[in-house]
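Peer 1: the sequence isn't on hand, but the structure is:
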Ligand code: GLA
């Protein structure tokens, strides 16, 4: 049996169909609430090709929305317990949660935090959906570093748009979802994940300038290239102290260097000011400054089809995240090492950890036609090296959040 067959989600190596997910969810909704849904919305997860831990430094990121969606179905309840009562269920767990739009309890932490936070952000902007029954389904692996939480927030805001018939500016939608993550999930994230989920475009990478909150769409349409994502299945937990600590270190570095954010520093300037920073702060800053430069360089190389350069920059990004920013983990390092070992002769262009780190996934660019063989090799060797089961899948850049039915 091959590694792909042995993987619990073997059939999911290719992208699951959004149409089938929606159809299944409609049936599940009717079973749960006794009537069909009136509204169905979808928001994708994301994978970041390069530009890690740069978003909260006003820098550049280069993600794509993935063909894995969180879908929410909803309807007006027949006899709501109150005119602002939300009943929420998920296909991933039993039971029902209930809350009121007039009392969204930011300090309460459970899976509905993301919904409550997004509802609160919408209410602040004058969009009030009223009482609803909702059912959530996810094809974005949870806690896998593919932004399932951002997808849930953005899907919720999209649901509010569908129900109220009002449209949020997409960047404003991303911002309100980022606010939800800060205030209802306690995670001081940057804008990348919510932005990618809200504004993702089919066939396009997003080169996001996180200072201006604008994105250039860069086509990923080379028929010889595939994006392979491999989940280490090591769960990342970003509400731990590491992420806020990294943010604080970056802010301290910017302050010492006399700039608004590390975005404003070049490698040369950083080297010239090295004496002013302690070793850890210097290395954190070196990662961010270098990563910004790598991200711009990777976007330029990708545009001109210079895959060798893109690959080299991806490996350099991983090394920097591992050694200077210290957000990788042994399992992610093994996955990248195995991909590098296959190398360009074997069809691998480049590989790196993606997302916040401490677990989650790697992103690997591979030559079309070699993706299964490469995934199988890596996952088999990963099992031998770590004892763990890695889950691979391929994706193309996908459409961002949208209303499926209203
Ligand atoms: C998490 C955060 C993002 C970003 C990445 C690291 O995914 O939510 O805002 O900071 O980590 O690049």
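Peer 2: Nice, I can see it. Computed from a prediction, not measured in an experiment: that's the story for all the values here. Numbering: from 1, shown residues only.
Peer 1: mind giving me the packing neighbours of the biggest helix by length in the chain?
Peer 2: As assigned by DSSP state H, the longest helix anywhere in the chain is helix 279-303. With contacts taken as 3 or more Cβ pairs under 8 Å, 6 or more residues apart in numbering; DSSP states H and E, helix 279-303 sits against strand 60-61, strand 204-209, strand 214-219, helix 242-257, helix 267-272, helix 307-323. All C-beta atoms are positioned from the backbone trio N, CA, C, and that covers glycine.
Peer 1: need the winner for burial among the ones you listed.
Peer 2: strand 60-61 (a mean of 27; mean count of other Cβ atoms under 10 Å).
Peer 1: sheet partners, orientation included, of the helix or strand just after that one?
Peer 2: Once strand 60-61 ends, the next helix or strand along the chain (criterion: DSSP states H and E) is strand 63-75. Listed by DSSP bridges, the sheet partners of strand 63-75 and their directions read strand 39-48 (antiparallel), strand 132-138 (antiparallel).
Peer 1: okay, these, which one's buried deepest?
Peer 2: Taking mean count of other Cβ under 10 Å, strand 39-48 is the most buried of the strands paired with strand 63-75, at a mean of 28.
Peer 1: can you pull the contacts of residue 37?
Peer 2: Contact partners of residue 37, counting by Cβ atoms under 8 Å, 6 or more residues apart in numbering, are 25-26, 29-30, 73-75, 135, 405.
Peer 1: which among those end up buried?
Peer 2: 25-26, 29, 73-75, 135 (16 or more other Cβ atoms under 10 Å).
Peer 1: pick out the most distant pair among the residues you listed.
Peer 2: 25 and 75 (12.2 Å; Cβ to Cβ).
Peer 1: so residue 99 is in which element?
Peer 2: strand 93-100.
Peer 1: write out the residues of the stretch 301-406 of the chain neighbouring the ligand.
Peer 2: 355-356 (Cβ under 6 Å from any ligand atom).
Peer 1: which residue does the stretch 301-406 of the chain have closest to the ligand?
Peer 2: When scored by Cβ to the nearest ligand atom, the stretch 301-406 of the chain has residue 356 as its residue closest to the ligand, at 3.3 Å.
Peer 1: same check on the stretch 1-150 of the chain?
Peer 2: Of all residues in the stretch 1-150 of the chain, residue 52 sits closest to the ligand, at 4.0 Å by Cβ to the nearest ligand atom.
Peer 1: contacting residues around the closest residue to residue 96 other than its chain neighbours?
Peer 2: Excluding the flanking residues, the one nearest residue 96 by Cβ to Cβ, 6 or more residues apart in numbering is residue 89, at 5.1 Å. By Cβ under 8 Å, 6+ apart, the contact set of residue 89 is 32, 95-97, 134-136.
Peer 1: same list (those residues) but as JSON lines, adding pLDDT and distance to residue 83.
Peer 2: Formatted as JSON lines, these follow (pLDDT from 0 to 100; distance: Cβ to Cβ, whole Å):
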{"residue": "32", "pLDDT": "97", "distance to residue 83": "21"}
{"residue": "95", "pLDDT": "92", "distance to residue 83": "24"}
{"residue": "96", "pLDDT": "96", "distance to residue 83": "19"}
{"residue": "97", "pLDDT": "97", "distance to residue 83": "18"}
{"residue": "134", "pLDDT": "98", "distance to residue 83": "16"}
{"residue": "135", "pLDDT": "98", "distance to residue 83": "20"}
{"residue": "136", "pLDDT": "98", "distance to residue 83": "22"}
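Peer 1: okay, now the unreliable bits of this protein?
Peer 2: 1-11, 236-239 (pLDDT under 70).
Peer 1: spell out which residues make up each domain of it.
Peer 2: Domain ranges of the chain: 15-220+398-405, 225-395, per automatic domain parsing.
Peer 1: can you give me the end-to-end span of stretch 197-209?
Peer 2: 16 Å (Cα to Cα, to the nearest Å).
Peer 1: that's a strand at residue 230, yeah?
Peer 2: Yes - when classified by DSSP: H, G, I helix; E, B strand; the rest coil, residue 230 is found to be part of a strand.
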